[in-house]
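**Q** sequence first, then the predicted structure, then my questions.
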Amino acid sequence: DESGYERKTDYTLNAGLDLKYPITSNMTLDLTINTDFAQVEVDDQMVNLTRFSLFFPEKRQFFLERASLFTVNTGYMDQLFYSRRIGLYEGEIIPIWAGARLVGRAGKWDVGIMNMQTGKADYIDEDTDSLETILSTNHGVYRLRKQAFNPRSYLGGMITSQIDVEGNYNINTALDGIVNPFRDDYFSFNYVQTFDSDVDYENDFFDHGKFYLNWEDRSNVGFNYNVILSRAGKYYNPEMGFELMEDYSRAFMMLGYGWVYNEANKKLLDQQITSWIWVNKQNQDFKTDIRKISAGYRFSTKKGFRGSVELIDSYEFLKDTFELSDDVYFPNGEYTYTNLSASLGTPSNKMLSLRAMAEVGTYYDGTLINLGPAQVFFRPSSSVNLGLDYQYSLITTAPSTNQKFISHLVRLRTELTFTTKLSISAFFQYSSNDKFGVNNIRFRYNPREGNDLY
């Protein structure tokens, strides 16, 4: 009846190599073949209450060394180069055949070169439930920047390229800089141009690019401000980057005032009040699709307590239906809603410390209660470190649809250091929204400096 046990003894061999070589005291070369990231800690699971993609930080050591050199910030969380585009796609691991990474300084120049070749991979498209194929692709990043005017200013440029075996390409070139003209004022700027094999370049030049301008006062005493202007064209498409939105023009302005107390009899260390406005318009008809106005206050004490409170009034125009989950959606149209958020933290140098956040208010045509993440840290000794996170989210829609979204997210971190050479870390987490838990236990033995067993 074909229910018998069939023993299979097929074996597979898999091996890789990583090499780090110091060319000079300021220049390091990393080489990798059949890269393995088994020692990397899993990502934090998150609850996404927005209609935008979540940004997950890079944790793979190969990409982390001097990662700031490859950073070209094009607005809020947007980045021209996002290293998680290499070797990962829709949660699936893409094999990395080989790669090289050169970072360092030559004279007054900062130099960064990265080139990696990924292999072919198949995956299931969750939207169409069909088998899709990712072609073998070459990923390149080339960065130069030089200190200019003063030690706090630089000018530079960067190129990202992605070319698959069939010749399809996506190339982005950027010029960027930060200028510190006086005191605490900084002017940041960049312009990025996309060259894409899938798009006819005869269209308007600026529809293939994005510019970002930012003037800010970074002081925390007295008046401070931040003004940002940016525009992303219709065909701007940094496939190796991270972009929350497309085809938009944006303006942001923040005004604040801060106090710092040096007197011994003062309990407060500093405090600040801020107010900002963010307006986002679609380039097609220049209609406002996002407008947010905020007023907030934050403080910290000399004993280590800190807290904040913020009121945000929002307007959004949904061009399409926003599906928060399989059971909750918001139809296209205009929405105005208001939220109040607050946070409080206790001194982190104590045996027991707490951090708590809460957000309540309206949400599109419904209501929102978001408690957390509430974090508890317990450090009974230098060799034991425990952390517990919990987040509760509740969203209800208008009575006409009467939908409800409820989510629980729990994370537990444990770090045990038995000796300076032997340690264990464990990370357990569960999301009721995904009905899924991701867990990671890592053992590390470090017999001497430069030798590790994971």
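**A** Arrived safely, thanks for sending. Just so we're clear, the structure is a prediction, and the values are computed from it rather than from any experiment.
**Q** please enumerate the strands of the stretch 351-454 of the chain.
**A** Using DSSP state E, counting those that start in this stretch, the strands of the stretch 351-454 of the chain run over 352-363, 366-381, 384-396, 404-417, 422-431, 436-448, 451-453.
**Q** and for the stretch 51-200 of the chain?
**A** Under DSSP E, counting those that start in this stretch, the stretch 51-200 of the chain gives strands at 73-75, 78-79, 88-89, 92-93, 96-106, 109-118, 121-125, 130-134, 137-147, 154-164, 169-182, 185-196.
**Q** make TSV out of the ones you listed and add mean neighbour count.
**A** Glycine gets a C-beta too; all of them are placed from N, C-alpha and C. Converted to TSV, the strands of the stretch 51-200 of the chain look like this (neighbours: other CB atoms under 10 Å):
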stretch	mean neighbour count
strand 73-75	20
strand 78-79	20
strand 88-89	16
strand 92-93	12
strand 96-106	18
strand 109-118	19
strand 121-125	12
strand 130-134	11
strand 137-147	19
strand 154-164	19
strand 169-182	18
strand 185-196	18
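**Q** low-confidence ranges, this structure, go.
**A** Applying pLDDT under 70 to the chain picks out residues 203.
**Q** for it, which residue occupies the most central location?
**A** Centroid-nearest residue in the chain, with CA atoms, centre = their mean: residue 55, separated by 3.5 Å.
**Q** was I right to think that one contacts residue 84?
**A** No - counting by CB atoms under 8 Å, residue 55 does not reach residue 84; the two are 9.1 Å apart.
**Q** common neighbours of these two, please.
**A** By CB atoms under 8 Å, 6 or more residues apart in numbering, residue 55 and residue 84 have no common neighbours.
**Q** how near is the residue located most distally from the centre of the chain to residue 7?
**A** Distance from the C-alpha centroid of the chain peaks at residue 1, with 52.9 Å (CA atoms, centre = their mean). Residue 1 sits 18 Å away from residue 7, taking CB to CB, to the nearest Å as the criterion.
**Q** repeat for residue 358
**A** Residue 358 is 56 Å from residue 7, where distance means CB to CB.
**Q** how about residue 415?
**A** Remark: distance between residue 415 and residue 7 (CB to CB) = 41 Å.
**Q** these two: which has the busier surroundings?
**A** Taking neighbours as other CB atoms under 10 Å, residue 415 and residue 7 compare with residue 415 leading, 16 against 4.
**Q** how about that one: what's its closest non-neighbour residue?
**A** residue 385 (4.1 Å; CB to CB, 6 or more residues apart in numbering).
**Q** tell me how many other residues crowd the one you found.
**A** When neighbours are counted by other CB under 10 Å, residue 385 comes out with 16.
**Q** now the one 5 residues further on
**A** Counted with other CB under 10 Å, the burial measure for residue 390 works out to 16 neighbours.
**Q** and what of the one 5 residues further on?
**A** Residue 395 is surrounded by 21 other residues when neighbours are defined as other CB under 10 Å.
**Q** isn't it up against residue 405?
**A** Yes - with contacts defined as CB under 8 Å, residue 395 counts as touching residue 405 at a distance of 4.2 Å.
**Q** intersection of neighbour lists for these two?
**A** 324, 328.
**Q** re the thing from before, how about the strands of the stretch 351-454 of the chain in JSON lines, adding distance to residue 59?
**A** Putting these into JSON lines (distance: least, CB to CB, whole Å) gives the following:
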{"stretch": "strand 352-363", "distance to residue 59": "21"}
{"stretch": "strand 366-381", "distance to residue 59": "18"}
{"stretch": "strand 384-396", "distance to residue 59": "17"}
{"stretch": "strand 404-417", "distance to residue 59": "14"}
{"stretch": "strand 422-431", "distance to residue 59": "11"}
{"stretch": "strand 436-448", "distance to residue 59": "11"}
{"stretch": "strand 451-453", "distance to residue 59": "16"}
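**Q** of all those, which one is nearest residue 26?
**A** If you check each of those against residue 26 by CB to CB, strand 451-453 wins as the nearest, at 24.9 Å.
**Q** could you list every helix and strand that that closest one packs against?
**A** Applying 3 or more CB pairs under 8 Å, 6 or more residues apart in numbering; DSSP states H and E, one finds that strand 451-453 contacts strand 436-448.
**Q** same thing but at 6 Å, please
**A** Counting contacts by 3 or more CB pairs under 6 Å, 6 or more residues apart in numbering; DSSP states H and E, strand 451-453 packs against no other helix or strand.
**Q** list the strands paired with it, with their directions.
**A** According to DSSP bridges, strand 451-453 forms sheet pairs with strand 436-448 (antiparallel).
**Q** need the residues that contact the partner strand.
**A** 41-42, 421-430, 452-454 (CB atoms under 6 Å, 6 or more residues apart in numbering).
**Q** next one: stretch 400-407
**A** By CB under 6 Å, 6+ apart, stretch 400-407 touches 47, 324-325, 328, 393-397, 432-433.
**Q** burial count for residue 266?
**A** Residues within reach of residue 266, counting by other CB under 10 Å, total 12.
**Q** pretty sure it sits in a helix.
**A** No - secondary structure assignment (DSSP: H, G, I helix; E, B strand; the rest coil) places residue 266 in coil, not in a helix.
**Q** ok, now which ones touch it?
**A** Contacts of residue 266 by CB under 6 Å, 6+ apart: none found.
**Q** with just CA atoms, put stretch 434-451 into CSV.
**A** Only the C-alpha atoms of stretch 434-451 are listed here, as CSV (Å, rounded to 0.1, in the frame of the first residue of the first chain):
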residue,chain,number,x,y,z
ASP,A,434,1.6,35.5,11.9
LYS,A,435,0.9,32.5,14.1
PHE,A,436,4.6,31.9,13.9
GLY,A,437,7.7,31.9,16.2
VAL,A,438,11.3,32.4,15.2
ASN,A,439,13.9,31.1,17.7
ASN,A,440,17.6,31.2,17.8
ILE,A,441,20.1,29.6,20.3
ARG,A,442,23.8,30.3,19.8
PHE,A,443,26.7,28.8,21.5
ARG,A,444,30.1,30.5,21.3
TYR,A,445,33.5,29.3,22.4
ASN,A,446,36.4,31.6,22.1
PRO,A,447,39.6,29.8,23.3
ARG,A,448,41.8,32.8,22.3
GLU,A,449,41.5,36.0,20.4
GLY,A,450,40.8,35.4,16.7
ASN,A,451,39.5,31.9,17.2
